[in-house]
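*Asks:* after the sequence you'll find the predicted model.
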Amino acid sequence: TSVRAPGDVQGSYIAEAIIEKVASYLSIDVDVIRKVNLHTYESLRLFHSNKAGEPTEYTLPLLWDKLAEFSGFNQRIKGVDEFNALNRWRKRGISRVPAVYGVPMRFTPGRVSVLSDGSIVVEVPGIEIGQGLWTKVKQMVAYSLGLIQCGTTSDELLDKIRVIQADTLSLVQGSVTGGSTTSEASSEAARICCDGLVERLLPVHAALVEKTGGPVTWESLISQAYQQSINMSVSNVYTPDISTGYYLNYGVAASEVEVNILTGETTILRTDIIYDCGKSLNPAVDLGQIEGAFVQGLGFFMLEEYLMNSDGLIVTDSTWTYKIPTVDTIPRQFNVEILNSGHHKNRVLSSKASGEPPLLLAASVHCAVRAAVKEAKKQIQTWSNNSREGIDLSFDLPVPATMPVVKEFCGLDVVEKYLEWNIHQKKNI
């Protein structure tokens, strides 16, 4: 987890913890404090200058309101309160958290070549590691070359494309795969190369149409281009400028959890996410990236404890001791909606990154657990003769909030306190 959104996830959580403290000190609902502290576009520009983009690109307030409607957030708050009033040993919490995450675009080379049989070979520096990079690149090439309108469908053209892994000789100015924007940058590099091929092929296409008087197939077009000794390989680079080199991503998540205060076990009942992908290059890929990043963040906030012994050796050195998210620890109900926020002139076909930014939204689970623990502490407070004795409602819940940590904060002697209170109540009858 530490290699994904390094520093950003920790920094954003610190901000959320401060918000929680302020809300507790002022005795105001934390969701109210969060909404008051959302950036306006003017304040966003003060912090991020030109990186904030155009006013229409700032969609966070819209996402905040849409999530409330999308998830029934306000109605569920009442349901959580009713549940907590009726249940002694289980408490629920719900929390809504925003995320603002900046990503850089990098200089990226590419090469697209069309072979004599009409097949298309694409070389980009980005490494396919399951994030759908090559899928997006293939789609971009099919879209760009499809502008020639040869009568070949996009699916047929897509089948002709293969992406091969470039090396430091084929693309001598390659870049790293990271920062959530390599898919975009590689796709844009491929598009620029395709523009060069389209420019060379359009005159050939026009001549064939005039000669035959009918539609021209992709194979006949490429065959004619080879007969005319046209160079069918284009190398080029994508070089972002000041307006395209950095931009901000926005998302909002709401999570509801249930805590067993006898054991400290946390069950994530439901998570709702709404995330701005611009115009997604591939919604299926981006959906998987959003869900995967959130679950990885869930591991950071709730499970993945890094322990060493007195000799400085790692104790949590395997999945037997280092717990990562599994099918029984992810949200039981997981809803993700991708916002199509329309045209963004400085983005790659108006798309936006989806890799690392959603990881920050997993803080909603931790904040919801804190809310549930707070309810448990309030209950213990009612069992005490001195209602203020030993109860800190402005506590800091550690990260990760593992089961033993949650149990400790709910009260290791919670049963004893209840029995003492119950006995005292019976004596007063």
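*Replies:* Okay, I see it. Predicted model only: the values in this text are computed from it and were never measured. Residues are numbered from 1 along each chain as shown.
*Asks:* dump the residue contacts of the residue nearest the centre of the chain.
*Replies:* Central residue of the chain (C-alpha atoms, centre = their mean): Pro358, 2.1 Å from the mean position. Pro358 makes contact with 99, 251, 253, 273, 275, 289-291, 293-294, 297 under the criterion C-beta atoms under 8 Å, 6 or more residues apart in numbering. The way it works is simple: take the backbone N, C-alpha and C, and place the C-beta from them, glycine included.
*Asks:* read off the pLDDT value for it.
*Replies:* Predicted confidence (pLDDT) for Pro358: 95.
*Asks:* please name the nearest non-neighbouring residue to it.
*Replies:* Nearest residue to Pro358, sequence neighbours excluded (C-beta to C-beta, 6 or more residues apart in numbering): Ala293, at 4.0 Å.
*Asks:* C-terminal to the host helix or strand of the one you found, what's the next element?
*Replies:* Taking DSSP states H and E as the definition, Ala293 sits inside helix 283-302. The helix or strand immediately downstream of helix 283-302 is strand 333-339, counting by DSSP H and E.
*Asks:* and that following strand with helix 283-302, angle?
*Replies:* Here strand 333-339 runs at an angle of 130 degrees relative to helix 283-302 (axes from the mean of the first three to the mean of the last three C-alpha atoms, to 10 degrees).
*Asks:* show me what counts as buried in strand 333-339.
*Replies:* Residues of strand 333-339 classed as buried: 336-339 (neighbour count, 16 or more other C-beta atoms under 10 Å).
*Asks:* quick one: low-confidence parts of the stretch 101-250 of the chain?
*Replies:* Residue ranges of the stretch 101-250 of the chain with pLDDT under 70: none are present.
*Asks:* would you state the strands of it in chain order?
*Replies:* With DSSP state E, counting those that start in this stretch as the criterion, the stretch 101-250 of the chain has strands at 108-114, 120-124, 161-165, 233-238, 246-260.
*Asks:* the ones you listed into a markdown table, with extra columns for distance to Ala17?
*Replies:* Formatted as a markdown table, the strands of the stretch 101-250 of the chain follow (distance: least, C-beta to C-beta, whole Å):
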| stretch | distance to Ala17 |
| --- | --- |
| strand 108-114 | 37 |
| strand 120-124 | 40 |
| strand 161-165 | 42 |
| strand 233-238 | 39 |
| strand 246-260 | 16 |
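*Asks:* any idea how far Gln381 is from Trp421?
*Replies:* Between Trp421 and Gln381 the computed distance is 11 Å (C-beta to C-beta, to the nearest Å).
*Asks:* for Asn84, give me its contacts.
*Replies:* 91-92, 375.
*Asks:* reformat these as TSV; add distance to Thr217.
*Replies:* Converted to TSV, the contacts of Asn84 look like this (distance: C-beta to C-beta, whole Å):
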residue	distance to Thr217
Lys91	67
Arg92	62
Glu375	68
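*Asks:* report the buried members of these.
*Replies:* When these are checked for burial by 16+ other C-beta under 10 Å, the buried set is 91-92, 375.
*Asks:* select from those every entry located in helices.
*Replies:* Members of those lying in helices (criterion: DSSP state H): Glu375.
*Asks:* now the buried ones among the contacts of Asn84 as a markdown table including pLDDT and distance to Lys51?
*Replies:* Below are the buried ones among the contacts of Asn84 laid out as a markdown table (pLDDT from 0 to 100; distance: C-beta to C-beta, whole Å):
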| residue | pLDDT | distance to Lys51 |
| --- | --- | --- |
| Lys91 | 98 | 41 |
| Arg92 | 98 | 38 |
| Glu375 | 96 | 40 |
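*Asks:* and this protein, what are its domains?
*Replies:* Segmentation of the chain into domains, based on automatic domain parsing, reads 8-105+246-375, 108-238.
*Asks:* now these as CSV including distance to Leu412?
*Replies:* Shown next, in CSV, are the domains of the chain (distance: least, C-beta to C-beta, whole Å):
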stretch, distance to Leu412
domain 8-105+246-375, 10
domain 108-238, 42
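*Asks:* out of those domains, which is closest to Thr402?
*Replies:* Nearest to Thr402, of all the domains of the chain, is domain 8-105+246-375, at 5.6 Å by C-beta to C-beta.
*Asks:* start and end of the closest one, how far apart?
*Replies:* Domain 8-105+246-375 has an end-to-end distance of 29 Å (criterion: C-alpha to C-alpha, to the nearest Å).
*Asks:* rewinding a little: compute the inter-axis angle for the helix holding Ala293 and strand 246-260.
*Replies:* Using the same axes, to 10 degrees, helix 283-302 lies at 60 degrees relative to strand 246-260.
*Asks:* which stretches of the stretch 301-429 of the chain have low pLDDT?
*Replies:* The stretch 301-429 of the chain contains residues with pLDDT under 70 at 385-391, 429.
*Asks:* quick one on the thing from earlier: pretty sure the residue nearest to Pro358 contacts Ala353?
*Replies:* No: judged on C-beta atoms under 8 Å, Ala293 makes no contact with Ala353 at a distance of 10.3 Å.
*Asks:* and the helix holding Ala293, which residues are buried?
*Replies:* Of all the residues in helix 283-302, those buried under the rule 16+ other C-beta under 10 Å are 285-302.
*Asks:* next: stretch 35-44.
*Replies:* Neighbour-count burial for stretch 35-44 [16+ other C-beta under 10 Å]: 39, 44.
*Asks:* mind checking the end-to-end distance for that stretch?
*Replies:* 15 Å.
*Asks:* contacts for it?
*Replies:* By C-beta under 8 Å, 6+ apart, stretch 35-44 touches 19, 47, 52, 55, 58, 60-61, 64, 98, 100, 248.
*Asks:* residues near Ala363, how many?
*Replies:* 26 (other C-beta atoms under 10 Å).
*Asks:* and for the one 10 residues further on?
*Replies:* With neighbours defined by other C-beta under 10 Å, the count for Val373 comes to 28.
*Asks:* helices or strands up against the helix or strand hosting it?
*Replies:* If you go by DSSP H and E, Val373 is part of helix 363-382. Applying 3 or more C-beta pairs under 8 Å, 6 or more residues apart in numbering; DSSP states H and E, one finds that helix 363-382 contacts helix 8-26, strand 90-104, strand 246-260, strand 266-276, helix 283-302, helix 403-410, helix 414-427.
*Asks:* looking at these, which is nearest to Asp155?
*Replies:* helix 283-302 (15.3 Å).
*Asks:* from the contact counts, what lies against that closest one?
*Replies:* On a contact count with 3+ C-beta pairs under 8 Å, 6+ apart, helix 283-302 meets helix 8-26, strand 266-276, strand 333-339, helix 363-382.
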